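Participant: Provided below for reference: sequence and predicted model.
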Amino acid sequence: MRQALLSIVILAAAVAASGCERIAPVRTLPNWVQGVYVPIVKNTSYWPGIEEDATRKIQESFLADGRVGVVPKQSADIILQVEIGEWRVRTSGTSGDDIADRTEYTLTAKVQLFEPLAEQPLATLPPIVVRRDYNTDSRSIDYDPEPDRVDDMLRNLGESIVRATITGFPATMQ
């Protein structure tokens with residue numbers, strides 16, 4: 001009896017789990033937007049020299065996604081302007097001997113979409129915030145060197161911007 005009840009519970013759980021499926025976010029960016037131009041990112045944060053790397057990571061993320069092409073300015077349906085406004089680094093954990101071993105990085109960017117000849121933005125997306133925790137204790141085997149941390153933050157920024165641009169376009173602007 002007990003074994004039959006357990007079998008029924010397992011079968012019910014399997015049926016319930018099989019009905020779950022991930023639903024991909026719906027594209028809210030207008031269909032007429034097929035090509036995007038990404039000019040050099042503006043950087044007003046204290047972290048110097050990330051403009052070119054951030055621009056390249058955003059372009060690579062659009063190319064990897066494949067739903068919108070990266071095109072020259074004269075062929076663009078839309079221009080994506082990004083401003084990195086905040087880059088914070090703070091200790092988030094210490095080891096037993098008071099050495100910082102975890103560091104939290106936070107990157108905030110403002111994204112605006114313009115039509116090629118317009119001076120006013122077509123849309124301003126909500127701020128993009130990327131927050132990651134890294135192991136910064138160089139004595140550890142899973143230590144994350146600073147160049148890898150910066151590269152990871154910028155790659156995550158690019159992916160977040162692509163996601164927000166394609167699926168977070170304001171409904172009132174379509």
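Facilitator: Perfect, I can see it now.

Participant: C-alpha from now on. contacts and neighbour counts both.
Facilitator: OK.

Participant: which other helices and strands contact the biggest strand by length in the chain?
Facilitator: If you go by DSSP state E, the chain has its longest strand at strand 78-94. Secondary-structure packing of strand 78-94 (3 or more CA pairs under 8 Å, 6 or more residues apart in numbering; DSSP states H and E): strand 35-37, strand 42-43, strand 100-114.

Participant: partners of it in the sheet?
Facilitator: Listed by DSSP bridges, the sheet partners of strand 78-94 and their directions read strand 35-37 (parallel), strand 42-43 (parallel), strand 100-114 (antiparallel).

Participant: which parts of it are buried?
Facilitator: Neighbour counts over strand 78-94 (16 or more other CA atoms under 10 Å) mark I78, I79, L80, Q81, V82, E83, I84, G85, E86, W87, G93 as buried.

Participant: tell me the bridge partners for the second one.
Facilitator: What it means is I79. Y37, F114.

Participant: the helices in this protein, which residues?
Facilitator: 2-18, 51-65, 146-167 (DSSP state H).

Participant: got the contact list for D137?
Facilitator: Applying CA atoms under 8 Å, 6 or more residues apart in numbering, we find D137 in contact with I99, A100, D101, R102, Y143.

Participant: sorry, back to before: can you check which of the strands paired with strand 78-94 gets nearest to E52?
Facilitator: Smallest distance to E52 across these (CA to CA): 9.4 Å, for strand 42-43.

Participant: report the distance from that closest one to the chain centre.
Facilitator: The gap between where strand 42-43 is centred and where its chain is centred comes out at 17 Å by CA atoms, centre = their mean, to the nearest Å.

Participant: so for Q120, what's the nearest residue that isn't a sequence neighbour?
Facilitator: Spatially, and ignoring its direct neighbours in sequence, Q120 is nearest to F114 (6.9 Å; CA to CA, 6 or more residues apart in numbering).

Participant: wait, doesn't that neighbour sit right on I79?
Facilitator: Yes: F114 lies in contact with I79 (CA atoms under 8 Å); the separation is 5.0 Å.

Participant: where in the chain is pLDDT low?
Facilitator: Per-residue confidence for the chain (pLDDT under 70) gives these ranges: 1-25, 96-99, 171-174.
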